[in-house]
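Visitor: attaching a predicted model along with its sequence, questions to come.
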Amino acid sequence: MRRFTWFNATSLTLGFAFLYLPMVILIVYSFNDSKLVTVWAGFSTKWYGTLLQNEAFLDAAWVTLQVAVISSTIATVLGTMAAYVLVRAGRFAGRTLFSGMIYAPLVMPEVITGLSLLLLFIGIGLDRGVLTIILAHTTFSMCYVSVVVSSRLVSFDRSLEEAALDLGCTAMEAFRLVTLPIIAPAVISGWLLAFTLSLDDLVIASFTAGPSATTLPIKIWSSIRLGVSPEINALSTLLIAIVAVGVITASLITKRAALRQEAEERAAERA
Amino acid sequence: MRRVALIAVPYLWLLALFLVPFIIVLKISLSDYALSIPPYSPTLDLTTGWEGIKSFFGSLDFENFTFLTTDDLYWKAYLSSVKIAVIATFCTLLVGYPIAYGMANAPDHWRPTLMMLVILPFWTSFLIRVYSWMGILSTEGYLNQLLIGMGLISEPLMILNTNTAVYIGIVYTYLPFMILPIYSTLERMDASLLEAAEDLGCSRMQAFWLVTFPLSRNGIIAGCFLVFIPTIGEFVIPALLGGSDTLMIGKVLWEEFFNNRDWPVASAVAVILLLILIVPIILFQRNEQKQREAEE
């Protein structure tokens, strides 16, 4: 059994203070009554009020949400297919290029991805707007999905699929009834990853969004360039709260599922 | 048949939206700046047939690349990006290692929680995490208020809009990328090796430097690449926290494209940035490959 030594406890405390204090300060000052962000003038929720009346932010939030839901869903389908191809399809012409194109976007600087997609959209005469942001986000997030899903596919026992095929399933049925339920946790976390990547993206969206569609990060970007403002603090707090609630709920659900499985296994052993 | 469709759909998507755009960047980097829409020439005109294709390729040249070497802004920006990325990666390692070490040696039931605390910032907006430092580091910011309040300084320090702020921002936002790979190598380490070292007369400190540290090498290398590679092309952090003298190539590319509207030069900047990144990316993949083989 390991115990905390004073050294480990100190480095963990300092490390987590460094990671979380900036966000805590931001949250605390979002409830500041003063217009000046650095001077505390009493508790108030007025910035949340003005935020919720700010239509530019609400519109941008709505566009961002639409883009994130649609692009992460398409990215999950394409990414799962790509993972399946990488792990199961064996040799085919252009396989090296294919796996290269899956891994390259993960390390490609965002400015280059954004620039190249914009030049493509202009080249084919596609007007920039919600559609072009969706296409761009789908492309880079499908690569993340396929990395997450393929790591699960590699560790998965292929004979289960073969058994299903022997028992008369078609390839599609075997995938739907056997493979998909087993890789489901990876597919879901791939979707969530794609979703948050899309919500968060500023650089690629700036290149691919036209004047007709602005996402929340672009909106936040243009207002924080003017300096720190209590309204942005309130908006940031809301976003942090949504993520924290989401992640904590998800981890509680998986923890409970793991506990239940453990209990079932123990019961089965006893029986 | 179904196999072909399964391969073709993601393949064609990536070809059309990843490879083709990149070829376009390469092509435009060889074109000339022009006052038109789109702002470069030549454009490929297939209606004139073979003559059109010939004149198209005939007028592509390396002028933009020669231009990049003549204006010292660009090569200074490349050098300074590499320098900032190296220093920032080293600082991230210094901050991240003790945290990873503390996590790997924490009681078993604590580890999942600590792990989640490291991952949680991944899911919160990058932009907001950078923004949160603007309020801390500005001259009227919380850090200066605290230091003046404690009587350590009498004049506020100028931190925001300097390279120091950029380093703080990079260490802060990329810290999880450093902690996680180091943690995973330290966690797998066999504790009996340390006992053996101590039995053989090592002090705690010697055992760390002679046993633990070399064994975590792979995690350190992976973490350093994971911080270094994206930092080189970073745009948000230098734009928000850096000053006018902070030169990073991502920012230069952005300004070249959006402010100067010189698309051919922006494309040439992008091509060279990629050439610089190819070396660390290949080294990173080799390291990952070796690790995978070692595990098998």
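Guide: That came through, no problem.

Visitor: pLDDT on stretch B:124-133, on average?
Guide: Summarised as a single mean, pLDDT over stretch B:124-133 is 90.

Visitor: residues in contact with whichever residue of the stretch 101-250 of chain A sits closest to chain B?
Guide: The nearest approach of the stretch 101-250 of chain A to chain B comes at residue A:109, 2.6 Å away (C-beta to the nearest C-beta). Placement of C-beta: from N, CA and C, glycine included. Going by C-beta atoms under 8 Å, 6 or more residues apart in numbering or on different chains, residue A:109 touches B:230, B:232-234, B:250, B:273-274, B:277.

Visitor: ok, 6 Å please
Guide: residue B:233 (C-beta atoms under 6 Å, 6 or more residues apart in numbering or on different chains).

Visitor: and it, how far from residue B:238?
Guide: 13 Å (C-beta to C-beta, to the nearest Å).

Visitor: what do you get for residue A:267?
Guide: For residue A:267, the distance to residue B:238 - C-beta to C-beta - is 57 Å.

Visitor: could you do residue B:132 as well?
Guide: Taking C-beta to C-beta, one finds residue B:132 at 17 Å from residue B:238.

Visitor: same check on residue B:150?
Guide: Counting by C-beta to C-beta, the gap from residue B:150 to residue B:238 is 30 Å.

Visitor: neighbour count for the two, which is higher?
Guide: Legend: neighbour count by other C-beta atoms under 10 Å in any protein chain shown for residue B:150 and residue B:238, higher for residue B:238 (26 against 8).

Visitor: wait, doesn't that one sit right on residue B:249?
Guide: No - Residue B:238 is beyond contact range of residue B:249, at 9.6 Å (criterion: C-beta atoms under 6 Å).

Visitor: what is the lengthiest helix in chain A packed up against?
Guide: Counting residues, the longest helix found in chain A (DSSP state H) is helix A:230-270. Under the contact criterion of 3 or more C-beta pairs under 6 Å, 6 or more residues apart in numbering or on different chains; DSSP states H and E, helix A:230-270 touches helix A:6-29, helix A:46-53, helix B:111-123.

Visitor: can you rerun that using 8 Å?
Guide: Helices and strands touching helix A:230-270, by 3 or more C-beta pairs under 8 Å, 6 or more residues apart in numbering or on different chains; DSSP states H and E, are helix A:6-29, helix A:46-53, helix A:180-200, helix A:216-224, helix B:111-123, helix B:126-137.

Visitor: and chain B, is stretch A:150-158 touching that?
Guide: No - between stretch A:150-158 and chain B, judged by C-beta under 8 Å from any C-beta of the partner chain, nothing touches; the nearest distance is 10.5 Å.

Visitor: what sits against residue 29?
Guide: Since no chain was named, I'll use chain A. A:37-38, A:40, A:230, A:233, B:135.

Visitor: hmm, I had chain B in mind actually
Guide: B:64-65, B:264, B:267-268, B:270-271.

Visitor: how far does the longest helix of chain A sit from its chain's centre?
Guide: 15 Å (C-alpha atoms, centre = their mean, to the nearest Å).

Visitor: relative orientation of that helix and helix A:6-29 in degrees?
Guide: 130 degrees (axes from the mean of the first three to the mean of the last three C-alpha atoms, to 10 degrees).

Visitor: state the mean pLDDT of helix A:230-270.
Guide: 83.

Visitor: also stretch A:146-153?
Guide: Stretch A:146-153 carries an average pLDDT of 90.

Visitor: contacts for it?
Guide: With contact meaning C-beta under 8 Å, 6+ apart, stretch A:146-153 is reached by A:78-80, A:82-84, A:86-88, A:102-103, A:106, A:182-183, A:185-187, A:189-190, A:193, B:10.

Visitor: again, 7 Å this time
Guide: A:79-80, A:82-84, A:86-87, A:102, A:106, A:183, A:186-187, A:189-190, A:193 (C-beta atoms under 7 Å, 6 or more residues apart in numbering or on different chains).

Visitor: mind giving me the PyMOL command for buried ones among the residues you listed?
Guide: A single PyMOL command selects the buried members of these (16 or more other C-beta atoms under 10 Å in any protein chain shown):
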select buried, chain A and resi 79+80+82+83+84+86+87+102+183+186+187+189+190+193
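
Visitor: wait, which of the helices and strands packed on helix A:230-270 is closest to residue B:258?
Guide: helix A:216-224 (12.1 Å; C-beta to C-beta).

Visitor: got a list of what residue B:89 touches?
Guide: B:224, B:227-228, B:231.

Visitor: what of residue B:239?
Guide: Counted by C-beta under 7 Å, 6+ apart, residue B:239 has contacts residue B:251.

Visitor: swap in 10 Å and give it another go.
Guide: Counting by C-beta atoms under 10 Å, 6 or more residues apart in numbering or on different chains, residue B:239 touches A:221, A:225, B:130, B:166, B:246, B:248, B:250-251, B:254-255.

Visitor: one more: residue B:140?
Guide: With C-beta under 10 Å, 6+ apart, residue B:140 has these contacts: A:36-39, A:228, B:156.

Visitor: kindly indicate which of these lies nearest residue B:219.
Guide: Nearest to residue B:219 out of the contacts of residue B:140 is residue A:228 (C-beta to C-beta; 36.3 Å).

Visitor: the closest one touches residue A:32, doesn't it?
Guide: No - counting by C-beta atoms under 10 Å, residue A:228 does not reach residue A:32; the two are 11.2 Å apart.

Visitor: for chain A, see how far away the residue lying closest to residue B:104 once chain neighbours are set aside is.
Guide: Spatial nearest neighbour of residue B:104, excluding adjacent residues (C-beta to C-beta, 6 or more residues apart in numbering or on different chains): residue B:186 at 3.7 Å. Distance of residue B:186 to chain A, given as C-beta to the nearest C-beta, to the nearest Å: 11 Å.

Visitor: now do the same for the closest residue to chain A within the stretch 151-296 of chain B: its pLDDT.
Guide: Closest approach between the stretch 151-296 of chain B and chain A, counting by C-beta to the nearest C-beta: residue B:233, at 2.6 Å. Confidence at residue B:233, expressed as pLDDT, is 89.
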